[in-house]
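Novice: Fold the following.
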Amino acid sequence: MQFESPSYNKKPVYVTGTNQPRHFKTNCPNCSRTIKLDLERQITNSWAGRSKLLSDEQLATFKRLFGIGLSGKSHDGGYPVFDQLTCPNCRTVYFTYCGVDEFANSAYSVTIQSIFDEQEP
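Specialist: Okay, here's the model as predicted:
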């Protein structure tokens, strides 16, 4: 299941140095409880392309499934970053795909490209 789909035209949900919230919040499709994605963590993980919760094999699989090729760019032109979220209520595991763009020296924007479970990104 995928409840955010990648697009070349999405707008960032977070820009460093602004008053925007550090967490992206959405509802779990299974139980409707709030799940949160730490957007600063996506920036921190932008060089590795994944959080420590994911394996190298998962990273390679997700890159292939989303068509991230040799240029290594996300749909929005930034660095692709994959992470894992777990619903605090029902314990359903989801994965996220964000684009992290360093648009100026140490200034970043984060675009949520996809939130999905592993069966159907």
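Novice: what are the pairing partners of the strand of greatest length in the chain, and which direction each?
Specialist: Determined from DSSP state E, the single longest strand within the chain is strand 93-104. Applying DSSP bridges, strand 93-104 is found paired with strand 79-86 (antiparallel), strand 107-116 (antiparallel).
Novice: List the contacts of the last one.
Specialist: Strand 107-116 is contacted from outside by 1-7, 10-17, 24, 26, 37, 39, 42-43, 46, 66, 74-76, 78, 80, 85, 94-103, 121, using Cβ atoms under 8 Å, 6 or more residues apart in numbering. Every C-beta, even on glycine, is put in place using the N, C-alpha and C of the backbone.
Novice: Let me see the ranges of the strands in the chain.
Specialist: Using DSSP E, strands in the chain cover 2-4, 14-15, 23-27, 34-38, 79-86, 93-104, 107-116.
Novice: Lowest mean pLDDT across the ones you listed, which one is that?
Specialist: When the strands of the chain are ranked by mean pLDDT, strand 2-4 comes last with a mean of 61.
Novice: for this structure, which helix is longest?
Specialist: helix 56-65 (DSSP state H).
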